[in-house]
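Participant: could you look at this predicted model? Sequence included:
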Amino acid sequence: MASRPAAGFQADLALDATVRAAAPYQRQRGRVGAGPLRLQRADLQERVRVRRAANLILFLVDASWSMAASQRMSATKGAILSLLVDAYQKRDRVSLVVFQRDGARLVLPPTNSVEMAKKRLADLKVGGRTPLSHGLLAAYELLQRERRRDREVQPLLIVLTDGAGNVSLTGRPAEEEARELARLIRARGIRAVVINAEHSSLDRGLAGRLALAMGAPCYTLSELRAQELYQTVRQALEEQPPRRDGKREARNVKES
C-alpha cells in the first residue's frame, strides 16, 4: 500500500513505511542493540488508500416505434440486470433514460440495486415519435449532475438508436440538433457507445454520424440480445477513457 509523510500521530499510520523511514537514523539517535525504535515526527508515514473510481453506466434508449422497440427494450433490461450483478462488488451504478413521443424520462435513477431495477423495468411502454435531442439532453444533464456530486465517477453513455430523431427541442432540424448535442457530450469528455439499432437493409448511416459527432464507436450487433449488449458494455468499460477533450478514434463515417 502507498504511503506519504503523516501530519501527526493521529493519522492512519503505515507502520512498515514509518520503520523504513526511521531505520537509517537509529545509530545516530543512540539506539543500542534491540532497544526500542527511536522515532521522530519526520519519520511518520500515513497510508494512502486508493479508492477505485466507480462507473456510472447510463443507457439512453429509443422507446419509439422507429425500430424494433420490444426487442430493444428486452435486450436493455437483460443487460442492465447483468451489469447490476457485476456492480454489487465494484461500486458501479446503472441508470436508464428512455425517449419517446414528445420527451425523455428517467426510468431508473443511478443505482446498484437489482431489486429496484427489476421493479422499475417491469413494465415499459413503447410507441410514439422519436425525440432524440430530448434524450441526449436528459442524459447529458444527468451525467453532469452526477459528476458534480462525485468528481471521481466515470460516466459511460450507451445510446441505442437508429439516429433518426424527428422531434426538435428548438425548432431546428431534429437530426442536426441531435448531432450538436452529441458534440457537446464529446466536448465534456463523456465516454459513449452508440448501438445502431437500424436494420442493415434500411440503414441510412444516421447512427454512425451521431456516433462520429459524439466521438464514440458505433456498433451494429448481429442480434440485439441482452448478452451481446452486456458484452459490448463490458468491453467499453475495460477500455481506456478518452482524453478530457473527448477525442477518440473515429470510425469510417463522414459527418454531415
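Facilitator: Received the coordinates, thanks.

Participant: what ranges does the stretch 1-150 of the chain have for its helices?
Facilitator: Using DSSP state H, counting those that start in this stretch, the helices found in the stretch 1-150 of the chain span residues 15-22, 69-87, 114-120, 132-149.

Participant: and Ala226, which of those is closest to it?
Facilitator: Across the helices of the stretch 1-150 of the chain, Ala226 has its closest neighbour in helix 69-87 (2.4 Å, Cβ to Cβ). Glycine gets a C-beta too; all of them are placed from N, C-alpha and C.

Participant: quick one: distance of that closest one to the chain centre.
Facilitator: The chain centroid and the centroid of helix 69-87 are separated by 15 Å under Cα atoms, centre = their mean, to the nearest Å.

Participant: ok, and what's touching it?
Facilitator: Defining contact as Cβ atoms under 8 Å, 6 or more residues apart in numbering, one finds that helix 69-87 is touched by 57, 59, 61-63, 92-94, 96, 108, 111-114, 117-118, 121, 124, 126-127, 160, 197, 224-230, 233-234.

Participant: mind putting the helices of the stretch 1-150 of the chain in CSV, mean neighbour count, mean pLDDT and distance to Ala104 included?
Facilitator: Listed next are the helices of the stretch 1-150 of the chain as CSV, based on neighbours: other Cβ atoms under 10 Å; pLDDT from 0 to 100; distance: least, Cβ to Cβ, whole Å:
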stretch, mean neighbour count, mean pLDDT, distance to Ala104
helix 15-22, 16, 87, 51
helix 69-87, 20, 81, 15
helix 114-120, 15, 89, 15
helix 132-149, 20, 96, 4
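
Participant: and those helices as TSV, adding distance to Glu177?
Facilitator: What follows is those, written out as TSV (distance: least, Cβ to Cβ, whole Å):
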stretch	distance to Glu177
helix 15-22	56
helix 69-87	22
helix 114-120	29
helix 132-149	5
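
Participant: before we move on, back to that, which of the contacts of helix 69-87 are buried?
Facilitator: The neighbour count (16 or more other Cβ atoms under 10 Å) marks 57, 59, 61-63, 92-94, 96, 108, 111-114, 117, 121, 124, 126, 160, 197, 224, 226, 228-230, 233 as buried among those.

Participant: all set now, cheers.
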